[in-house]
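> generate coordinates for the sequence data below:
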Amino acid sequence: MDYTTQEKKAINFLLVKLMKVDGVTDVSEAITLYEINNYIKLSVNESDESLKMTFEDSKEIINSMDKLKKKITKDYFYHMANTDGLFDKLEQDMINEIFG
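Next up, the predicted model:
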């Protein structure tokens, strides 16, 4: 799946937020973030730049994706939420807020 630079940054920004939403950032989540960023071809510089984005702007970018790209992206978020073995209600709430 090819993502624009802005889409990649939005994905990274929101995945980082998702990692932290339950109050615990597990090593496996950091590894998953690295793997997803590698898969979507997000550079280290783009990753750093993404952290300057806002939640609302990132959400808007995600929701402007076409249906297939949005579905695949949502799968990344569920994968991240399940990575630490605990699918927290706060994670589900955040995914719902992002994807509607």
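
> and G100, what pLDDT?
Predicted confidence (pLDDT) at G100: the value is 87.

> contacts only, for it.
Residues in contact with G100 (CB atoms under 8 Å, 6 or more residues apart in numbering) are N63. (C-beta placed from N, C-alpha, C; glycine too.)

> switch to 10 Å and redo it
59, 62-63, 70 (CB atoms under 10 Å, 6 or more residues apart in numbering).

> would you mind listing which of those are buried?
Neighbour counting with 16 or more other CB atoms under 10 Å marks 59, 62, 70 as buried within those.

> could you dump the contacts of G100 to a markdown table with secondary structure?
Shown next, in a markdown table, are the contacts of G100 (DSSP: H, G, I helix; E, B strand; the rest coil):
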| residue | secondary structure |
| --- | --- |
| K59 | helix |
| I62 | helix |
| N63 | helix |
| K70 | helix |
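
> just name the closest of these to N12, please.
When those are ranked by distance to N12 (CB to CB), I62 comes first, at 11.4 Å.

> reformat the contacts of G100 as TSV; add pLDDT.
Shown next, in TSV, are those (pLDDT from 0 to 100):
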residue	pLDDT
K59	98
I62	98
N63	97
K70	98
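
> now render the buried ones among the contacts of G100 as TSV, adding distance to N38.
Shown next, in TSV, are the buried ones among the contacts of G100 (distance: CB to CB, whole Å):
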residue	distance to N38
K59	23
I62	19
K70	21
